[in-house]
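Q: Got a predicted structure here, sequence first:
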Amino acid sequence: MTRWTSSLLVAAGLMVAGCAGMTDTECRAANWYELGERDALVYGLRPQIEQYAYQCERHGVQASEKDYVAGWLVGNGERIRRMAGEGCCDPR
């Protein structure tokens, strides 16, 4: 298998995984603040609230954009702080 073919298969797998929607149970139990914070801090993603809202709308659940974005802003700020190494190695 060539490097190009391997890369293509990995990309296709990631796309399919990204298409997996939230279930009814996941939508109803979602902590939108924590989901936003996780998306930014752990995964380094741009806000995904539109996707979540679309997926959960099918289950009759309204995603909380306000809570999601509040969490995303905190997670993104922490991610940036960690990447800059702030507070990492306090020289005394």
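A: On my side now, so go ahead.

Q: From residue 45, how far out is residue 54?
A: 16 Å (C-beta to C-beta, to the nearest Å). Placement of C-beta: from N, CA and C, glycine included.

Q: any idea of the mean pLDDT for the top helix by length along the chain?
A: When the chain is parsed with DSSP state H, its longest helix is helix 65-84. Average pLDDT, helix 65-84: 95.

Q: May I see the buried residues of it?
A: 67, 68, 69, 71, 72, 75, 76, 79 (16 or more other C-beta atoms under 10 Å).

Q: Just to check, the third one is in contact with residue 47?
A: Yes: judged on C-beta atoms under 8 Å, residue 69 makes contact with residue 47 at a distance of 6.4 Å.

Q: which residue ends up closest to the midpoint of this protein in space?
A: residue 39 (2.5 Å; C-alpha atoms, centre = their mean).

Q: which residue packs closest to it, ignoring adjacent ones?
A: Closest residue to residue 39 apart from its sequence neighbours, by C-beta to C-beta, 6 or more residues apart in numbering: residue 45 at 4.5 Å.

Q: Residue 23 too?
A: residue 59 (7.7 Å).

Q: ok, that neighbour - how many residues close by?
A: Neighbour count for residue 59, taken as other C-beta atoms under 10 Å: 14.

Q: Please apply the same query to the one 3 residues further on.
A: Around residue 62 there are 9 other residues, counting by other C-beta under 10 Å.

Q: that older thread, dump the longest helix of the chain to CSV, restricted to CA.
A: The C-alpha coordinates for helix 65-84 follow below in CSV (Å, rounded to 0.1, in the frame of the first residue of the first chain):
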residue,chain,number,x,y,z
GLU,A,65,-25.4,27.8,22.2
LYS,A,66,-24.8,30.2,25.1
ASP,A,67,-23.5,27.5,27.4
TYR,A,68,-21.5,25.8,24.7
VAL,A,69,-19.7,29.0,23.6
ALA,A,70,-19.0,30.0,27.2
GLY,A,71,-17.3,26.6,27.7
TRP,A,72,-15.5,26.9,24.4
LEU,A,73,-14.1,30.3,25.3
VAL,A,74,-12.7,29.0,28.6
GLY,A,75,-11.3,25.8,27.0
ASN,A,76,-9.7,27.7,24.1
GLY,A,77,-8.1,30.3,26.5
GLU,A,78,-6.7,27.4,28.6
ARG,A,79,-5.4,25.7,25.5
ILE,A,80,-3.6,28.8,24.3
ARG,A,81,-2.2,29.4,27.8
ARG,A,82,-0.8,25.8,27.9
MET,A,83,0.6,26.0,24.4
ALA,A,84,2.4,29.2,25.4
